[in-house]
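Undergrad: sequence? don't have it. structure:
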Ligand SMILES: Nc1ncnc2c1ncn2[C@@H]1O[C@H](COP(=O)(O)OP(=O)(O)OP(=O)(O)O)[C@@H](O)[C@H]1O
């Protein structure tokens, strides 16, 4: 594991209840989790188990109704103001009338970075996601996988330590997804970012993560936390090794146990 042990995200007994027209929905119940600096943590579980909600709580986009959470030792809102994280969504969400560089630059413009620094940062992050030379293209000129890489570059533009990714590759075909998984791992190793990653795919979670958090719905809670025994260096064919299959099996068991509880 690449983490140096310092906790970047510390959640204790988090609850989140949404009040809806049909009554209260408990999206998170008693969620406690520690994420160390430089960890790659995946959240996996069936629809409605609170994966997105938990990521949104970390990013100060939702307020928990109980429990405590700190990000870099401060509240999520303070961490957001200190630009602690970048957020990547399932859809790349690039503006079609802006070039790729123009899209990546947008958060820097909003934050008031000087022009020269903006250019330098855009150059650097496009290189990180292997899109050097595509800055002048428009989103429609790029494949779906390249667009998603551009949205990762945008999230990295202001050099946040924490990258929150909500099913970023869910809409892509498997071959493109494999390639992006390899690139994301390599980016993670090179940058030492702390990554929180939501997925529905067991192989994706096991391939990418240092820690896999298995969740189950109604109410959304954590049913298992698996520390991966796999080395940081992971060629794609690691997915055929007994160690990999063993971790995948444990994730599957955790998902099954959560489901049985639900019935
Ligand atoms: N703003 C909201 N208002 C009311 N209920 C909400 C709201 N956001 C989420 N929920 C409910 O909270 C629960 C958890 O939702 P969440 O989106 O976190 O699940 P998820 O695990 O990310 O699901 P999926 O895999 O489908 O994205 C669900 O029952 C959902 O309907």
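TA: Okay, I see it. Predicted model only: the values in this text are computed from it and were never measured.
Undergrad: do you know how far the residue nearest to residue 97 when sequence neighbours are not counted is from residue 197?
TA: Spatial nearest neighbour of residue 97, chain neighbours left out: residue 138 (8.0 Å); criterion: CB to CB, 6 or more residues apart in numbering. C-beta: built from backbone N, CA, C; applies to glycine. Plainly put, residue 138 is 28 Å away from residue 197 if you go by CB to CB, to the nearest Å.
Undergrad: if you count what's nearby, which of these two comes out ahead?
TA: The neighbour count for residue 138 versus residue 197, taken as other CB atoms under 10 Å, is higher for residue 197 (27 against 16).
Undergrad: Is it correct that the more buried one falls within a helix?
TA: No. Under DSSP: H, G, I helix; E, B strand; the rest coil, residue 197 falls outside any helix and is assigned strand.
Undergrad: Now for it: which residues touch it?
TA: Contact analysis of residue 197 by CB atoms under 8 Å, 6 or more residues apart in numbering lists 40, 41, 42, 43, 165, 168, 205, 208, 209.
Undergrad: gap between it and the ligand?
TA: 12 Å (CB to the nearest ligand atom, to the nearest Å).
Undergrad: Show me what that residue bridges to in the sheet.
TA: Under the criterion DSSP bridges, residue 197 forms beta bridges with residue 42, residue 165.
Undergrad: Need the pLDDT of it.
TA: On the pLDDT scale, residue 197 is placed at 96.
Undergrad: Tell me if I'm right that residue 140 and residue 96 touch.
TA: Yes. In this structure, residue 140 is within contact of residue 96 by CB atoms under 8 Å, at 6.3 Å.
Undergrad: just the strands in the stretch 1-150 of the chain please.
TA: With DSSP state E, counting those that start in this stretch as the definition, the stretch 1-150 of the chain shows strands at residue ranges 7-20, 23-36, 40-44, 66-71, 85-88.
Undergrad: If you tally nearby residues, what's the number for residue 25?
TA: Residue 25: 16 surrounding residues under other CB under 10 Å.
Undergrad: what does this structure put close to the ligand?
TA: When proximity is defined as CB under 6 Å from any ligand atom, the chain approaches the ligand at 18, 20, 25, 27, 45, 47-53, 220.
Undergrad: Of the contacts of residue 197, which is the nearest to residue 149?
TA: residue 168 (9.5 Å; CB to CB).
Undergrad: Counting neighbours, what do you get for that closest one?
TA: Using other CB under 10 Å, residue 168 has 25 other residues around it.
Undergrad: can you pull the contacts of it?
TA: By CB under 8 Å, 6+ apart, the contact list for residue 168 reads 88, 89, 90, 148, 151, 152, 180, 197.
Undergrad: let's see it at 7 Å
TA: Contacts for residue 168 were tallied using CB atoms under 7 Å, 6 or more residues apart in numbering; they are 88, 90, 148.
Undergrad: Contact partners for the first one?
TA: Pointing back at residue 88 there. With contact taken as CB under 7 Å, 6+ apart, residue 88 is in contact with 151, 152, 155, 163, 165, 166, 168.
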